[in-house]
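In: here is my input, please return the structure:
(2 chains)
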Amino acid sequence: MSDVSTTEDTAPPAGNDGPPAVRLTGITKRFPGVVANDQITFTVQPGEIHALVGENGAGKSTLMKILYGMQRPDEGTIEVKGKEVTFRSPKDAIAKGVGMVHQHFMLAAQLTVLENVILGEDPSRGGAIDFRRAKEKIQQLAKTQGVPLDVNRPVETLSVGEKQRVEIIKVLYRGADLLILDEPTGVLVPQEVEELFETLRELTAQGVTIIFISHKLDEVLQIADTVTVIRRGRTVTSVPAAELTARQLAELMVGSELPTPETRPATDLGEAALSVDDLRLRDPDAGRDLLHDITFDIRGGEVLGIAGVEGNGQAELVEVLLGLRKMSGGRVLLGGEDVTDDSTRERREGGMGYIPEDRHSRGLLLPAPLWENAMLGHQGSRPFARGALVDRDGARQRTAEIIESYDVRTPGADVAAYALSGGNQQKLIVGRELTADPRVLIAAHPTRGVDVGAQAAIWEEIRRARGEGLAVLLLSADLDELIGLSDRLMVILRGRLVAELDPQELTPEELGSYMTGAHEEVSS
Amino acid sequence: MNLRSALIRLGASLGAILLALALSSIVLLIIDRSPLEAFAAMGSYASRVDSMISIINRAVPLYVSAVAVAVGFQMKLFNIGVEGQYRIAALVAAWVGGAVALPGILHVSLIILVAALVGAAWSSIAGILKAFRGVHEVISTIMLNFIGTGLGAWLLANHFREETEGGSLIIATARIPESGRLPSLNPVLEGLGVEVPSGSDLHSFVLFAILLGVGYYVLIWRTRLGYDLRAFGANPGAAEASGVNLKRMTLITMAISGAFAGLVVMGPVLGSFHRYTTDIPIELGFTGIAVALVGRNRPVQMALAALLFAFLNRSAQILDFRGIPKEIETIIGGVIILTVVIANELARRVIQAQEVRDAAAKTARDDEEGPA
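Out: Numbers count the residues shown, from 1 in each chain, chains lettered A, B, ... in the order given. Just a heads-up that it's a prediction; the model follows:
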């Protein structure tokens, strides 16, 4: 660690006069119950590739939305080329030369490259679009990137990499000289990544400045001039990339001190509640495996934590275990019974509890009253149902119990779920899953986006349930949560479980290197 | 739903109807007719006994059609094919009814059952296409309307048409025997002291329609199936994670919707026509969509909306006699759909904002007092 400077603000590289391309000072953005950005400060020099790294949920996206004018900061200032600016909308940002290439492309598939680029920005001459001038300008832009591009091709016929280049050209066409690229490599195959990097180098050679958001450390080290690490909404450091090794970067992301696991009473471990044997999932479109040889057992009274940088197969693992996606091979046993071919309903009724990573898309019926939300996933069993009918009294009664014991702040059980804050919604979900007395709880980021109070309450409930013999599979990006709750910890990387670690004896270096694959480089 | 929300919704609906009348008045003034005179004429015509019976008889098919549409709406499935479903269902049911002779209650039950099954079978084509091939139900049901209409006309002309001596010009199925007809409710009305003009018959199918409404309510709000269906409509991702099988749900819902649709014209068929002819009312499937929309898929509200549309339809008949174009009915109907839908949405937002404020206030109070 000692060879890494931890100043918040790097000095500009020698020989570079003039104001920085962007300087963010003290940016703070709060959402109800959560501070997404806390006094973030960093500086981007003109013509550099500046990588912004951090776990999902660390605050990168919020920060970039602020820089691109999609959100207003509560505190702090933004300077572009030495002048303080206030962006009310992306339009303001573009006017100052700040452009953004989104992770998900925003292109009209049937239109040509040319039409897509000029959409909303068409050069007109006497009321008619001046296609010739636009075409020349776009071809000029494409050529400076080194690769020619046929501007008359419909976008739907382009490869993913080519579509991304159209997005970049779109932004350059509007006069941007500062590009924000949000996770640009997530959708690309390795060869396309190389081409993208080539393009980016060409652009910086022409004086364009690039902010590159990523959590793929090898790519960051390969392309960036400077790396800024963000952790839990705070700037950790800005360092020249050349001074960093993958291991050091991993450590910076994870933090130099890991939370100390609290000593907790060992429980009598019961039978294996969930056994996963050689599970595989193949992506039929890409023709590659998303999950390989996943094998583990969780016994009653045990919490198995899965650590890993997001996007390494965690979401797929959850979907396969719940039966939402069909696995390509292997077996899943729930309480000793083979559920490999069972439907989601059979698995849920067999005692599989689920706390989803995104409560709004997987966990709640927002317009429905709380009591209907409390029965979601348990709608077939008592006290929510009697035969083929819904037992309204039973459901209301049980909901009132959940509200009481899990401290859900609500005017009552008949209030619609959308009325509650995120923390209270999450407590309701945790309450409904634990009250149903499951065999196994699959908890995916169980405290994401909730305030500190709700977080502590949810952790306590999971600990209590573990003490009473529940088996828990915990997937999380929050190391406090993983280390604080898990009895055992496994690391997932590119769809494989690459290590099993003891949370009591874990070092940040060890965890970071397994999570990022730096370990492989060392051992090979 | 508490009292405050109910009042907001009631106010919004009344406001919307008043606004619709005001807008229609402007149209009448533009064509130089007195709105007051027109509305008074419509009101007095509609309050005659034969008009009231006609309004109820007209409202029943609209209501059943709206229920059929609403079943689909509950899970965000748009069954635009009620039109084709009821036509083919009524044709087959009337043909079966005319071909058999059974004791009273059995005969009527058989006809209704056949209508529901044929409606379900026809709508299930769209359900299967959606579940297994991802074909959007709006496209497939519209196409099936054309196919159903054509198929029905061909079946009627070539296979189901009654062979009559002397060659009648009317194209129709054989008459359903006495045992397969539903009695009129006129004796009940007369028992209540209402003088029913001759030629006016209150179809007893209205009672069956009320039962259908109750059945719809129980199915959607009181059964596990209905819960799954609404859960799917509210949030497909969450419903799936809770164990709802999306394909199965699409098939079931489309079939149930079609079964209701099959019963749309059973009132006129069993009550007055006693056979399937080309005079059976058409386009009820499309008006049913409007009724479901205005009635917010709720059983009672849809009944009120059906009566409203039936009232407009009947009372407009007087306008021609007063020199007012009766197309004004279509304008009022259209304007009501717009104003009510907008008012419903505004009411929903106001209620939602209220609930969010209430919950926030409650949380703040708890924080001051400490957790319970």
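In: when you work out contacts or count neighbours from here on, use the C-alpha atoms and nothing else.
Out: Noted.
In: where are the low-confidence patches of the stretch 101-250 of chain A?
Out: Along the stretch 101-250 of chain A, segments meeting pLDDT under 70 span A:122-125, A:145-148, A:186-187, A:189-190.
In: where do the strands sit along it?
Out: Secondary structure of the stretch 101-250 of chain A (DSSP state E, counting those that start in this stretch): strands located at A:124-125, A:128-129, A:178-182, A:209-214, A:226-231, A:234-240.
In: I'd like these as CSV, with mean neighbour count and distance to chain B appended.
Out: Output for those, formatted as CSV (neighbours: other CA atoms under 10 Å in any protein chain shown; distance: least, CA to the nearest CA, whole Å):
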stretch, mean neighbour count, distance to chain B
strand A:124-125, 11, 38
strand A:128-129, 11, 35
strand A:178-182, 24, 26
strand A:209-214, 24, 28
strand A:226-231, 24, 29
strand A:234-240, 22, 28
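In: and the residue nearest to residue A:39 when sequence neighbours are not counted, how far from chain B?
Out: Leaving aside its chain neighbours, residue A:39 sits nearest to residue A:26 (4.0 Å; criterion: CA to CA, 6 or more residues apart in numbering or on different chains). Separation of residue A:26 from chain B (CA to the nearest CA, to the nearest Å) stands at 29 Å.
In: what about residue A:26, is that helix, strand or coil?
Out: Using DSSP: H, G, I helix; E, B strand; the rest coil, the structure places residue A:26 in strand.
In: next up, the contacts around it.
Out: A:38, A:39, A:40, A:41, A:75, A:76, A:77 (CA atoms under 8 Å, 6 or more residues apart in numbering or on different chains).
In: re earlier: the strands of the stretch 101-250 of chain A: which one's closest to residue B:80?
Out: Residue B:80 lies closest to strand A:128-129 among the strands of the stretch 101-250 of chain A, at 40.6 Å (CA to CA).
In: just the CA coordinates for stretch B:42-61, please, in PDB.
Out: Taking Å, rounded to 0.1, in the frame of the first residue of the first chain, the C-alpha atoms of stretch B:42-61 are listed here in PDB:
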ATOM      1  CA  MET B  42     -83.200  12.500 -24.300                       C
ATOM      2  CA  GLY B  43     -84.000  12.500 -20.600                       C
ATOM      3  CA  SER B  44     -87.800  12.400 -21.000                       C
ATOM      4  CA  TYR B  45     -87.600   9.700 -23.800                       C
ATOM      5  CA  ALA B  46     -85.300   7.600 -21.700                       C
ATOM      6  CA  SER B  47     -87.600   7.700 -18.600                       C
ATOM      7  CA  ARG B  48     -90.400   5.900 -20.400                       C
ATOM      8  CA  VAL B  49     -90.900   2.300 -19.300                       C
ATOM      9  CA  ASP B  50     -90.200   0.800 -22.700                       C
ATOM     10  CA  SER B  51     -87.000   2.900 -22.900                       C
ATOM     11  CA  MET B  52     -85.900   1.800 -19.500                       C
ATOM     12  CA  ILE B  53     -86.400  -1.900 -20.400                       C
ATOM     13  CA  SER B  54     -84.600  -1.300 -23.700                       C
ATOM     14  CA  ILE B  55     -81.700   0.400 -21.900                       C
ATOM     15  CA  ILE B  56     -81.300  -2.600 -19.500                       C
ATOM     16  CA  ASN B  57     -81.500  -5.100 -22.400                       C
ATOM     17  CA  ARG B  58     -78.800  -3.100 -24.300                       C
ATOM     18  CA  ALA B  59     -76.600  -2.700 -21.200                       C
ATOM     19  CA  VAL B  60     -76.400  -6.400 -20.600                       C
ATOM     20  CA  PRO B  61     -74.400  -7.400 -23.700                       C
END
